[in-house]
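Participant: The sequence and its predicted three-dimensional model are supplied below.
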Amino acid sequence: MLLTSSGAAQQVARQAPLVINPIAPESLTVSAPVDPSGLRGEVESDLQTTLLAFTGIALLASIAGLANAMIMSVIERKQEFGLRRAIGARPIHITGLVLAEAVMIGGLGGVHGLFAGFSGVLGMTISRHWVPVFDLRLAPLAILGGVAVGAIGGLFAAGRASRIQPHQALRL
């Protein structure tokens with residue numbers, strides 16, 4: 001059995017039959033392990049695809065959760081929005097109010113997600129005795145992502161709140 005150093009297996013597999021049997025090298029079959037650089041690229045590509053899929057699912061779930069919470073808030077605050085409309089607020093004002101609340105909640109979620117991500121990476125690297133690597137240029141994207149989730153999740157609730165009529169909301 002031949003042992004090779006890391007990364008040399010492909011070259012050894014090509015040359016071994018000639019060295020072992022120079023007269024009939026084609027009579028030997030050598031199976032070499034997969035090239036580590038190609039294998040690493042495939043694994044990284046698969047991992048990136050999986051993480052992107054999980055990220056997409058998490059974004060959809062967070063948008064749905066925020067939309068649900070904002071719709072419940074609008075339902076519970078129906079009288080408040082009706083009163084605002086009765087004293088002169090236009091539908092655009094109600095829409096802006098609900099969207100501003102949703103964006104603030106999303107932004108806070110982005111900040112919490114950023115700190116949770118930093119803590120997770122830090123905890124994992126410390127437990128494995130690795131050196132933590134953070135790309136701080138991506139930190140604002142986490143917060144902007146939360147703001148975007150808030151805006152998208154609050155759109156339906158804002159539209160629903162803006163359609164509340166004063167006479168319907170103020171009935172006892």
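Facilitator: Yep, it's here.

Participant: Which parts of the chain are strands?
Facilitator: Counting by DSSP state E, the chain has no strands to list.

Participant: Would you map the helices across it?
Facilitator: For the chain, helices defined by DSSP state H occupy the ranges 9-20, 36-76, 78-86, 91-127, 139-162, 166-169.

Participant: Could I get those helices in TSV, plus columns for mean neighbour count?
Facilitator: Any C-beta I mention is one placed from the backbone N, CA and C, and that applies to glycine too. Compiled in TSV, the helices of the chain are given as follows (neighbours: other C-beta atoms under 10 Å):
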stretch	mean neighbour count
helix 9-20	14
helix 36-76	13
helix 78-86	17
helix 91-127	16
helix 139-162	20
helix 166-169	14
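
Participant: what sits against the most centrally placed residue in the chain?
Facilitator: Closest residue to the average C-alpha location of the chain: residue 55 at 2.9 Å, with C-alpha atoms, centre = their mean. Not one residue lies near residue 55 by C-beta atoms under 8 Å, 6 or more residues apart in numbering.

Participant: Could you check how far it is from residue 82?
Facilitator: Residue 55 sits 39 Å away from residue 82, going by C-beta to C-beta, to the nearest Å.

Participant: any idea how far the helix or strand bottoming out on mean pLDDT in the chain is from the chain center?
Facilitator: Here the helix or strand of the chain ranked lowest by mean pLDDT, DSSP states H and E is helix 9-20, holding a mean of 79. Remark: helix 9-20 is offset 46 Å from the chain centroid, using C-alpha atoms, centre = their mean, to the nearest Å.
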